[in-house]
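K.L.:
the sequence isn't on hand, but the structure is:
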């Protein structure tokens, strides 16, 4: 179970980062606080990059452990 933690957390962070980026850029207008605020665009992009890094690293580790 422990080896699945990194890709699962990475996928979650990627999803949250994309949603925050879309809200920050004004594409998604669901939040009175976050919509159209450029700081959330930046935060979302950083969170998404961290998510991609964890996701890709976790998948590579899972594949390496299979061999």
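P.N.:
That came in fine, so what should we check first? This is a predicted model, so every value here is computed, not measured.

K.L.:
check the residue nearest the centre of the chain and give its pLDDT.
P.N.:
Nearest to the mean C-alpha position of the chain, by C-alpha atoms, centre = their mean, lies residue 14 at 1.6 Å. pLDDT, residue 14: 98.

K.L.:
SS state for the residue lying closest to it once chain neighbours are set aside?
P.N.:
Using C-beta to C-beta, 6 or more residues apart in numbering and skipping residues adjacent in sequence, the residue nearest residue 14 is residue 51, 3.3 Å away. The C-beta positions use only the backbone N, C-alpha and C, and glycine is treated the same way. Classification of residue 51 by DSSP: H, G, I helix; E, B strand; the rest coil places it in helix.

K.L.:
residues in contact with the host helix or strand of residue 18?
P.N.:
In this structure, residue 18 sits in helix 5-25 according to DSSP states H and E. For helix 5-25, the surrounding residues in contact (C-beta atoms under 8 Å, 6 or more residues apart in numbering) are 28-31, 34-59, 61-62.

K.L.:
gap between it and the chain center?
P.N.:
2 Å (C-alpha atoms, centre = their mean, to the nearest Å).

K.L.:
now that helix: buried residues?
P.N.:
By neighbour count, with 16 or more other C-beta atoms under 10 Å as the criterion, the buried positions of helix 5-25 are 6-7, 10-11, 13-14, 17-25.

K.L.:
cool, and stretch 23-36?
P.N.:
Quick answer for stretch 23-36 (16+ other C-beta under 10 Å): 23, 24, 25, 34, 35.

K.L.:
nearest residue to the first one in space, please, no chain neighbours.
P.N.:
In space, not counting the residues next to it along the chain, residue 23 is nearest to residue 34; the distance is 4.4 Å by C-beta to C-beta, 6+ apart.

K.L.:
OK, contacts around the one you found?
P.N.:
Residue 34 neighbours (C-beta under 8 Å, 6+ apart): 20, 23, 24, 40.

K.L.:
reformat those residues as JSON lines; add distance to residue 2.
P.N.:
Listed next are these as JSON lines, based on distance: C-beta to C-beta, whole Å:
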{"residue": "20", "distance to residue 2": "28"}
{"residue": "23", "distance to residue 2": "33"}
{"residue": "24", "distance to residue 2": "33"}
{"residue": "40", "distance to residue 2": "32"}
